[in-house]
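Participant: Build me a structure from this.
(4 chains, ligands or ions: 6)
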Amino acid sequence: MTQVNMAVNLGGLEMKNPVTVASGTYAAGREYNDFVPVEMLGAVTTKGVSLNGWEGNASPRIAETPSGMLNSIGLQNPGVAVLKEKDLSWLEGRDVPVIVNVSGHSFEEYVQVIESLDDDDRVSAYEVNISCPNVDSGGMTFGTHVPSVEKIVGLCREATKKPMIVKLSPNVTDVTEIARAAEASGADALSLINTLLGMAIDARTRKPVLARVVGGLSGPAVKPVALRMVWQVHNAVNVPILGMGGIMNGTDAVEFMLAGATAVSVGTANFVNPLATREVIEGIRAYCEEQGVTDVNELVGGLQC
Amino acid sequence: MTQVNMAVNLGGLEMKNPVTVASGTYAAGREYNDFVPVEMLGAVTTKGVSLNGWEGNASPRIAETPSGMLNSIGLQNPGVAVLKEKDLSWLEGRDVPVIVNVSGHSFEEYVQVIESLDDDDRVSAYEVNISCPNVDSGGMTFGTHVPSVEKIVGLCREATKKPMIVKLSPNVTDVTEIARAAEASGADALSLINTLLGMAIDARTRKPVLARVVGGLSGPAVKPVALRMVWQVHNAVNVPILGMGGIMNGTDAVEFMLAGATAVSVGTANFVNPLATREVIEGIRAYCEEQGVTDVNELVGGLQC
Amino acid sequence: MCCEDRSGLIHERITLLSNEKVGPRLFVMRVESPRIAQALLPGQFTHVRIPQMESHILRRPFSVYETFPEEGTMDILYQVVGYGTEFLSQLPAGTQLDQIGPIGRPWDAPEGETRVLAVAGGAGAPATFMQVKRCVEAGVPVDVVLGAQNASALVTRERYAALLGADPVCATDDGSYGFKGFATIPAAELMQKNEYSRVITCGPEPLMRAVANSAAEAGIACQVSMERRMACGVGACLSCVVETAQGKKRACVDGPIFEADQVVW
Amino acid sequence: MCCEDRSGLIHERITLLSNEKVGPRLFVMRVESPRIAQALLPGQFTHVRIPQMESHILRRPFSVYETFPEEGTMDILYQVVGYGTEFLSQLPAGTQLDQIGPIGRPWDAPEGETRVLAVAGGAGAPATFMQVKRCVEAGVPVDVVLGAQNASALVTRERYAALLGADPVCATDDGSYGFKGFATIPAAELMQKNEYSRVITCGPEPLMRAVANSAAEAGIACQVSMERRMACGVGACLSCVVETAQGKKRACVDGPIFEADQVVW
Ligand SMILES: Cc1cc2nc3c(=O)[nH]c(=O)nc-3n(C[C@H](O)[C@H](O)[C@H](O)COP(=O)(O)OP(=O)(O)OC[C@H]3O[C@@H](n4cnc5c(N)ncnc54)[C@H](O)[C@@H]3O)c2cc1C
Ligand SMILES: Cc1cc2nc3c(=O)[nH]c(=O)nc-3n(C[C@H](O)[C@H](O)[C@H](O)COP(=O)(O)OP(=O)(O)OC[C@H]3O[C@@H](n4cnc5c(N)ncnc54)[C@H](O)[C@@H]3O)c2cc1C
Ligand SMILES: Cc1cc2nc3c(=O)[nH]c(=O)nc-3n(C[C@H](O)[C@H](O)[C@H](O)COP(=O)(O)O)c2cc1C
Ligand SMILES: Cc1cc2nc3c(=O)[nH]c(=O)nc-3n(C[C@H](O)[C@H](O)[C@H](O)COP(=O)(O)O)c2cc1C
Ligand code: FES
Ligand code: FES
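Facilitator: Ligands and ions are numbered 1, 2, ... in the order given. Sure, this is the predicted structure:
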């Protein structure tokens, strides 16, 4: 059997295989290291980080929904200094590129986070999260209108020469419009989808299940929406795509690549199966072997319509 | 045990209970009549109808997805004359109000459909579908931007004095903006959600599962998104809401009512369980009895946040 | 091509009596379903809810291999092709399922036919069995051609042979039983050789199309059983349409049996 | 309050050996899980994947009632409260599940304590059992107060009694066994009467809060076992946070055992 080339290049970021983790589902890799040594991943994507840290939302923060879940963590994080001191130190010397997911309540805060990380060699790339539905200012509010997308992506672009991935929200009328704005403003790659805004209600108590009432929907339930958006964006822009939304196994990942994703993120699946990332990597490889595909890049956008 | 009042008024439409069917999933009731006599429903909502009939999309038209399904029927229908001749004749004399779901490729076509039905007493109300994701012109393209929503709802309003429900798309950045535009332009009620635009891929064949590539996602998977939108719209407008999206049982229906729906539609659930509508009605009643609710209207918007 | 005169639909809770592997990825399940077993005509199908498949929400349509109205049971022969059939194949006897039926337009009654040819391939073989049985019972001469990948997949052969009192004509892709090649070839030969008043066929679309072509060339009336993805299974959702000379028709209630010359392949 | 020194996490396929109803909506399941049974300390929990629940995708966290390291088995006592536990209660012996464990901060080792009081209510009763056992084995005097709705729900009483050699103090809401009223009342009385170096408690939050208050008034160190909805169960997702004097802490790995005086109720 011929060896399959699994390496991909995501907007300047070299990955040994196309699989990273969805920000916020994997911390910085340490908690899952007993199950999947972080070096096995194509890249590790860290939990969203802001300048000085945020408390996040009240509990309960999650709800189970049909084939999915809602979360309203609210970007709880200890701030960029702690990220450097703890997470990046732990990652140092481990043979895996690090994508830092960047958040802020203001345009300036995004830039400040990048500036405080940019001369740190342990950071390989950024994922600029303009799509979190769980914070009141920043997050999704920046990512759903073209002018603010242009502004924030442009400012972040000026702050770094590292590969910059911009993470898009599915809660928009036309994702291609946002995607084009991000590309035109300097994104090296686009990641999608972040979570769909949703809600769960406990009929018995007549209360929302989440303390914050609404939260972000993820998991298999959203896969059809995610695939559609990846395919639409692939047809609309020239930068590579990091696809995600409900990827549970290798077949799901292959579907995203066929729709146009160069790499994929595994999120909610980690909660179901802590070995999910590993199985996704092996599943993609097995698919390529079965189909006689010698280079995983051949799959990208290979959908036959 | 005290009797529960199950009757509701949906923007002028009197319903003996709050349960109708989602347009397109139930034809005009006849096919399900062996399972659920149509008179049991609070109202029957017919499949989308256009002026002269449409062929719809190529097959395959459906795909199963995690806790949901995609459809790309494309509003196949035989036109308003056949609706009158066959469906409305069959419904005549049956004790159930009829909501006709209206479609068109142009503003004019919507109006023409309403005009050709408006003096027909067998029609109790309209549901104006400005949210079908499965047609190239009309449908969702009309329902995702405020100016065209205002235009079409205003034109339809001029054409009828019957209760007019406007059906909204979830594929928008801000559903409350669209809802307010529809209300301001004369909608008596709003129905939501129509399907989320999605896609399914067969990794083995590298082809989309649907002939039309994309389709509309429905079923339990979308319930969190639907509940969230019903709740947002309930807080944004004063007209009543017909809620739908993944309702499978009485508890789901109660959740929609707590979020702000005055009535609910059962769609995909009919495919899973042809007795679903009946069980939803009984489930709502049982909930009210258990909770000591004597009037189902007490549930509407009763969510405690 | 009409469903207006269909008999009432039944929603029945059914019990799995047995569920046996009979060939490569092929299973026969026997279910207790007294009301539907009574009412079902050859060519009609049932729409089955496989239990415990929480996130796979749709029913699965299956032809009925044979009904035993007295026992109140029926057999369904199915091939494992995806999640649902795989799951179904692992359910033990005693499991409760439910089904809707009998659905759709049956094969035309054989009374009046002079000689019938049934051509069935792969998982289509059960769909013609009850109609062949009806021909035999009505005293209408009937020939049967079965196609399969190989001898071990020819799982309906014995039941057909017992019914006919002789082996049906068989064709296998690898020649491991009967004719080596597609069933369409012996079928076309039979149409040249014998005078048929009717051909019926069920199987993969290319097979049915070829059989329909041969029948058209030979000037024989031909009915086909069409498969489409189905949501409602009762005619309400329009997910299952087949292109016909009269426009789009629903496979579930306008079919599954169609006049071959009306289908736009 | 730290997880840095936690031992390695194990992902283990486990087999259900038995799954018995022991009281109203209460079940004990015994599973074969040799590696986790070996490694687990009192107060730690496991994160269980219930099979076949396709659309209910999350794992369910459960305390471990008792481990039997030699046999490689463990008992989990659970209450049926929703879909998952209902489904679990119907699984037959022989079913394969999987679990991640041992997770979280255990109760502090009892060595050095002079006398310990354990107060457990409802489905919290299993969470203190192994710690009480460890006290007994370490020769630390230990008193136990169990609370439940009624006598039939006091399902851990006998196992505690066998361990202690005497009946634990019991309280039931309806007085059908022991003290009539909340377990917090006999617990507070015991704290007045005896000199405890440590109180441990698990149960509904109001119970734990009341016990923590009594302990604080009596000046006794108190640990509580906190429950939160959990997605990952390994410290990565921040879905399970508890408000503490040091800010938000993860119930799964910073807890589930917390110092009572650190929790912001
Ligand atoms: C009228 C009719 C009669 C049939 N009779 C038989 C029979 O007697 N024996 C038999 O083995 N099979 C029969 N089939 C095909 C059978 O319905 C499918 O093989 C089955 O639905 C596949 O389900 P799955 O979950 O294993 O496949 P999956 O691919 O996991 O199913 C995904 C979805 O696609 C649908 N689907 C997949 N393949 C087909 C297909 N070929 N036709 C229709 N829907 C499909 C499923 O129902 C489901 O909704 C019949 C189909 C129809 C329409
Ligand atoms: C550390 C820890 C130890 C536990 N130990 C035990 C035990 O020994 N015995 C026992 O009976 N129960 C225990 N629980 C509670 C148990 O996890 C829940 O009862 C169970 O998850 C309910 O699942 P369900 O599907 O039946 O309920 P559903 O309401 O259908 O579950 C929906 C979602 O909410 C979560 N959920 C619901 N109730 C709780 C709860 N009380 N705590 C955490 N998550 C919840 C579920 O895990 C699931 O994600 C423990 C919880 C935690 C956090
Ligand atoms: C618990 C949780 C926390 C998340 N936190 C973040 C975050 O900090 N930053 C971010 O960009 N996305 C965050 N996300 C979104 C995921 O990265 C991902 O976009 C989404 O979950 C869809 O992928 P999935 O279905 O595979 O989980 C979070 C998702 C979950 C479930
Ligand atoms: C097969 C199918 C056909 C549909 N056709 C229509 C239609 O003609 N007009 C319309 O307004 N909505 C149509 N819809 C959308 C439904 O009415 C409903 O808005 C949606 O399916 C969400 O509800 P559910 O999850 O309960 O199915 C259709 C949905 C399905 C699944
Ligand atoms: S399956 Fe719904 S119309 Fe045929
Ligand atoms: S459950 Fe994920 S951090 Fe605790």
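
Participant: Pull the number of nearby residues for the closest residue to ligand 1 within the stretch 1-150 of chain A.
Facilitator: Nearest to ligand 1, among the residues of the stretch 1-150 of chain A, is residue A:67, at 15.0 Å (Cβ to the nearest ligand atom). C-beta: built from backbone N, CA, C; applies to glycine. By other Cβ atoms under 10 Å in any protein chain shown, 27 other residues sit near residue A:67.

Participant: quick one, helices of the chain?
Facilitator: Picked chain A for this. Under the criterion DSSP state H, chain A contains helices at A:80-82, A:89-91, A:107-117, A:140-143, A:146-159, A:175-184, A:223-234, A:250-259, A:269-272, A:276-291.

Participant: switch to chain C, that's the one I care about
Facilitator: According to DSSP H, chain C carries its helices in the segments C:34-39, C:83-89, C:125-138, C:157-164, C:184-193, C:205-218.

Participant: how about the fourth one as CSV, C-alpha atoms only?
Facilitator: The C-alpha trace of helix C:157-164 is given here as CSV (Å, rounded to 0.1, in the frame of the first residue of the first chain):
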residue,chain,number,x,y,z
ARG,C,157,-34.0,-19.1,-5.8
GLU,C,158,-35.3,-21.9,-3.6
ARG,C,159,-38.5,-20.2,-2.6
TYR,C,160,-39.2,-19.5,-6.3
ALA,C,161,-38.3,-23.0,-7.3
ALA,C,162,-40.7,-24.5,-4.7
LEU,C,163,-43.4,-22.2,-6.0
LEU,C,164,-42.8,-22.9,-9.7
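
Participant: Which secondary structure elements does it sit against?
Facilitator: Contacts defined by 3 or more Cβ pairs under 8 Å, 6 or more residues apart in numbering or on different chains; DSSP states H and E place helix C:157-164 against helix C:125-138, strand C:142-148.

Participant: hang on, the earlier thing: backbone phi and psi for the residue of the stretch 1-150 of chain A closest to ligand 1, please?
Facilitator: phi 50, psi 30 (degrees, to the nearest 10).

Participant: Tell me who's in contact with it.
Facilitator: A:219-221, B:66-68, B:220-221, C:55, D:54-55, D:57 (Cβ atoms under 8 Å, 6 or more residues apart in numbering or on different chains).

Participant: May I ask which of these comes out lowest in pLDDT?
Facilitator: Ranked by pLDDT, the contacts of residue A:67 bottom out at residue D:54 (93).

Participant: C-alpha coordinates for stretch C:83-90, PDB please?
Facilitator: Output of stretch C:83-90 as PDB, limited to C-alpha atoms (Å, rounded to 0.1, in the frame of the first residue of the first chain):
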ATOM      1  CA  TYR C  83     -26.900   2.400   8.800                       C
ATOM      2  CA  GLY C  84     -30.600   1.400   9.100                       C
ATOM      3  CA  THR C  85     -30.400  -2.000   7.500                       C
ATOM      4  CA  GLU C  86     -27.200  -2.800   9.400                       C
ATOM      5  CA  PHE C  87     -29.000  -1.900  12.600                       C
ATOM      6  CA  LEU C  88     -32.100  -3.800  11.700                       C
ATOM      7  CA  SER C  89     -30.000  -6.900  11.000                       C
ATOM      8  CA  GLN C  90     -28.800  -7.000  14.600                       C
END
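
Participant: That one vs ligand 1: in contact?
Facilitator: Yes - with Cβ under 6 Å from any ligand atom as the criterion, ligand 1 is reached by stretch C:83-90 at C:83-85.

Participant: If you drop the residues flanking it in sequence, what lies closest to residue 57?
Facilitator: Answering for chain A, as no chain was given. Nearest non-adjacent residue to residue A:57, counting by Cβ to Cβ, 6 or more residues apart in numbering or on different chains: residue A:74, 3.6 Å away.

Participant: that answer is for a different chain, and I need it for chain C
Facilitator: Nearest to residue C:57 is residue B:272, by Cβ to Cβ, 6+ apart, at 5.2 Å.

Participant: Contact partners for that neighbour?
Facilitator: B:248, C:49, C:57-59.

Participant: Among those residues, which ones lie close to ligand 1?
Facilitator: residue C:58.

Participant: Quick check: pLDDT value at the closest residue to residue C:154 other than its chain neighbours.
Facilitator: Residue nearest to residue C:154 in three dimensions, not counting chain neighbours: residue C:148, with 4.5 Å by Cβ to Cβ, 6+ apart. With respect to pLDDT, residue C:148 has a value of 96.

Participant: any idea how far residue C:148 is from residue C:202?
Facilitator: Distance, residue C:148 to residue C:202, using Cβ to Cβ, to the nearest Å: 13 Å.

Participant: Next: residue C:172.
Facilitator: Counting by Cβ to Cβ, the gap from residue C:172 to residue C:202 is 18 Å.

Participant: who has more neighbours, those two?
Facilitator: Taking other Cβ under 10 Å, residue C:172 and residue C:202 do not tie; residue C:202 has more neighbours (30 against 22).

Participant: what does the model give that one for pLDDT?
Facilitator: For residue C:202, the predicted pLDDT is 97.

Participant: what sits against it?
Facilitator: Counted by Cβ under 8 Å, 6+ apart, residue C:202 has contacts C:63, C:120-121, C:124-125, C:127-128, C:208, C:224-225.

Participant: Would you confirm that residue C:216 contacts residue C:261?
Facilitator: Yes - at 6.2 Å, residue C:216 and residue C:261 qualify as touching, with contact defined as Cβ atoms under 8 Å.

Participant: Briefly note if the top strand by length along chain C comes near chain B.
Facilitator: The single longest strand within chain C, with elements called by DSSP state E, is strand C:10-23. Yes - using Cβ under 8 Å from any Cβ of the partner chain as the criterion, contacts between strand C:10-23 and chain B involve C:10-11.

Participant: what's that strand packed up against?
Facilitator: Looks like strand C:10-23 contacts strand C:26-32, helix C:34-39, helix C:83-89, strand C:96-103 (3+ Cβ pairs under 8 Å, 6+ apart).

Participant: Out of those, which gets nearest to residue A:116?
Facilitator: helix C:83-89 (48.3 Å; Cβ to Cβ).

Participant: which outside residues touch the closest one?
Facilitator: By Cβ under 8 Å, 6+ apart, the list of residues contacting helix C:83-89 from outside reads C:19, C:21, C:27, C:29, C:48, C:50, C:52-53, C:56, C:60, C:78-80.

Participant: Pull out the buried residues from it.
Facilitator: Neighbour-count burial for helix C:83-89, counted by 16 or more other Cβ atoms under 10 Å in any protein chain shown, picks out C:84-85, C:87-89.

Participant: Then stretch A:90-108?
Facilitator: Neighbour count says stretch A:90-108 has A:90-91, A:94, A:96-105, A:107 buried, by 16+ other Cβ under 10 Å.

Participant: Then stretch A:41-58?
Facilitator: A:41-51, A:53-54, A:56-57.
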